[in-house]
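> sequence unknown, structure follows:
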């Protein structure tokens, strides 16, 4: 093969490697019909010097998803039992190119053939369904995942919480956050930040502040994205004084603002909606 198994395969190298694999398949096709499967597999391995790890590396290097799926169908099912990394590579490619339904079919095929799958494969599909705003299908797949014994993690819930927030389904999003805790799945900083950002964008800054308080009580330090969301929320309400207060607290607590944080403040300050005659109060309760 033209690459190390741990290296990065470029499109050109991948095309050359794919040609070698096709030669290997052709060589297997011209052996006598009575040759048993183990001999055919040995001939294929000898002719193409490929294993499951190299196959996965090659798949990552191919430029077109149809090439990847074609290679998988031509080789994977015949000569290997693909591992979770190989199948995950294909599922990831299918989801990123808008072929989520094909990814779902691949998972079903994996399970029918008793190939190993994992929560990562389910997470990629759930995330892709959420990005396509197919909320009902995402939750159906989520239920199916749990029914089959796969324990969701914070990544699973974050995708679902985000799509609910973007659909203004705050009660359901909060219910999911509580469900995470009840399942003893610790929400991470992103879990809280998703809700803070979404609430601030629709003017529910008081509710966002409550989320930040819960976050701090659970020893999750707000990050730059969290603080920037709050700053944006106050600017949208024409409360530049409180927005600046959040920035000061952010710096005081050792969190460095980024260019986005400052851009929010600059845009807020120059907006006609901003007022500066607000009382000097903390942007969230001190209790």
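Cool, the structure landed. Being a predicted model, the structure only gives us computed values, none of them experimental.
> what about residue 138, how many residues close to it?
24 (other CB atoms under 10 Å). For the C-beta atoms, the positions are set from N, CA and C on the backbone; glycine is no exception.
> if I look at it, how far off is residue 130?
5 Å (CB to CB, to the nearest Å).
> what kind of secondary structure is residue 222 in?
coil (DSSP: H, G, I helix; E, B strand; the rest coil).
> and what of the one 4 residues further on?
Applying three-state DSSP to residue 226 yields a three-state assignment of helix.
> which element is the nearest residue to residue 91 once chain neighbours are set aside on?
The shortest distance from residue 91 to any non-neighbouring residue, by CB to CB, 6 or more residues apart in numbering, is to residue 103 (4.7 Å). Taking DSSP states H and E as the definition, residue 103 sits inside helix 100-112.
> returning to what we had before: overlap in contacts of residue 138 and residue 130?
Listed contacts common to residue 138 and residue 130 are 159, 160, 163; contacts here mean CB atoms under 8 Å, 6 or more residues apart in numbering.
> For the first one, report the pLDDT, please.
The confidence metric pLDDT takes the value 97 at residue 159.
> I figured it hits residue 122, correct?
No. Applying CB atoms under 8 Å as the test, residue 159 and residue 122 come out as separate, 10.5 Å apart.
> for the stretch 51-200 of the chain, which spans come out with low pLDDT?
Along the stretch 51-200 of the chain, segments meeting pLDDT under 70 span 51-82.
> Number of residues surrounding residue 268?
Look at residue 268: counted by other CB under 10 Å, it has 21 neighbours.
> Now the residue nearest to it when sequence neighbours are not counted: phi and psi?
Once flanking residues are discounted, residue 268 sits nearest to residue 235: 3.0 Å by CB to CB, 6+ apart. The phi/psi pair for residue 235 (degrees, to the nearest 10) reads phi -60, psi -40.
> Could you number the chain from 19 rather than 1 from now on?
In the new count, where the first residue is 19, that last one comes out as residue 253.
> Is the residue nearest to residue 192 when sequence neighbours are not counted within a helix or a strand, and which one?
Spatial nearest neighbour of residue 192, excluding adjacent residues (CB to CB, 6+ apart): residue 213 at 7.7 Å. According to DSSP H and E, residue 213 maps onto helix 207-219.
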